[in-house]
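S.K.: Next comes the sequence, and after it the predicted model I'd like to discuss.
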Amino acid sequence: MTVRERLLAVFLPKRCVFCDTVIAPVRVCCQACEAHLSVVAPPVCMYCGQAKRQCGCAKHRLAFDKIAAPFYYEAAVRDGILRLKRRDDPDAIRYFAERMREVVRREYGDEPIDGLTYVPMTARALREREYNQGKLLAEALGTQLMLPVYATLKKIYETPPQKELDLHARSGNVLGVFEVTDRTVRGKTLLLVDDVITTGATLHECAKMLKIYGAGRVLAVTVAVRRHKS
Ligand SMILES: [Zn+2]
Ligand SMILES: [Zn+2]
């Protein structure tokens, strides 16, 4: 958020974290969105993050050890995540972090997590958007969990948007684009934060690099997970 936007925000009405409709100051979202939230109901599959009864995962092929998310990437939640890419809204960041915290406590309650980390953007992409929503989510979640946030990864070059590629191309698209900049990851259990997981290619690549540098366990948490069969 720029200084001008911050000043304007003081005088602007509160808006739904999903659809941007003006809402009462005490609310975080409008009633229509609240009625259409696709919550992931436990028991949850640790491989794909979906409800166990619908996924059919037999084994795990990805580098992170577990994945969990409060929502499915559809309807109001999808709008909310796209909105977060256009606008740095502290209310939305805090709300999504709270929902992720509940999931982390429920799914990873027994895990001795050392700290959080996040999927990086290239320096150029960061200049254009002015913020990395994954980093903001990680910082808000870190505050809520009272755990440190580490900048462990760097994205070396820009890749075509994942949504423009098919499943197979997505894995190749992110291969080798991340490097580990923090050598203290060795032996740590890390909570890897991002806004959404679709095929898992990006989180897989990040977790793979962290493990090459000795990270013990990498637990992924996102705001939303795509609903699909494995
Ligand atoms: Zn709404
Ligand atoms: Zn599954």
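M.R.: Done, it's in. Residues are numbered from 1 along each chain as shown. Ligands and ions are numbered 1, 2, ... in the order given.
S.K.: quick one, helices of this structure?
M.R.: All helices of the chain, identified by DSSP state H, fall at 3-11, 31-34, 52-55, 75-86, 90-108, 123-129, 133-145, 167-174, 201-212.
S.K.: Mind checking those for the one nearest to ligand 1?
M.R.: Among those, the nearest to ligand 1 by C-beta to the ion is helix 31-34 (3.2 Å). C-betas here are computed from N, CA, C, even on glycine.
S.K.: Quick one: distance of the closest one to the chain centre.
M.R.: Its chain's C-alpha centre and that of helix 31-34 lie 22 Å apart, by C-alpha atoms, centre = their mean, to the nearest Å.
S.K.: repeat for stretch 36-45
M.R.: 16 Å.
S.K.: CA atoms only: put it into CSV for me.
M.R.: C-alpha atoms of stretch 36-45 as CSV (Å, rounded to 0.1, in the frame of the first residue of the first chain):
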residue,chain,number,x,y,z
HIS,A,36,-20.8,-19.2,0.1
LEU,A,37,-17.5,-20.1,1.7
SER,A,38,-16.1,-23.5,0.6
VAL,A,39,-14.6,-24.7,3.8
VAL,A,40,-12.4,-27.8,3.8
ALA,A,41,-14.1,-30.1,6.2
PRO,A,42,-11.9,-32.4,8.3
PRO,A,43,-10.7,-35.2,8.3
VAL,A,44,-8.2,-33.7,5.8
CYS,A,45,-5.8,-35.5,3.4
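S.K.: residues in this structure within reach of ligand 1, list them.
M.R.: For the chain, the residues in contact with ligand 1 (C-beta under 5 Å from the ion) are 16, 18, 19, 21, 30, 33.
S.K.: How about the contacts made by residue 145?
M.R.: 101, 104, 113, 116, 191 (C-beta atoms under 8 Å, 6 or more residues apart in numbering).
S.K.: ok, 10 Å please
M.R.: Residue 145 is in contact with 97, 100, 101, 104, 105, 108, 113, 115, 116, 191, counting by C-beta atoms under 10 Å, 6 or more residues apart in numbering.
S.K.: Would you show me how to pick out the buried ones of those residues in PyMOL?
M.R.: Remark: buried members of the contacts of residue 145, expressed as a PyMOL selection using 16 or more other C-beta atoms under 10 Å:
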select buried, resi 97+100+101+104+108+113+115+116+191
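S.K.: Which members of the contacts of residue 145 are the farthest-apart pair?
M.R.: Maximum pairwise distance in the contacts of residue 145, criterion C-beta to C-beta, is 16.2 Å, between 105 and 115.
S.K.: I'd like to know which of the residues of the chain next to ligand 1 are buried.
M.R.: Buried subset of the residues of the chain next to ligand 1 (neighbour count, 16+ other C-beta under 10 Å): 16, 18, 19, 30, 33.
S.K.: Output those residues as JSON lines; include the columns pLDDT.
M.R.: JSON lines is the format used below for these (pLDDT from 0 to 100):
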{"residue": "16", "pLDDT": "96"}
{"residue": "18", "pLDDT": "96"}
{"residue": "19", "pLDDT": "95"}
{"residue": "30", "pLDDT": "97"}
{"residue": "33", "pLDDT": "96"}
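S.K.: Good, wrapping up.
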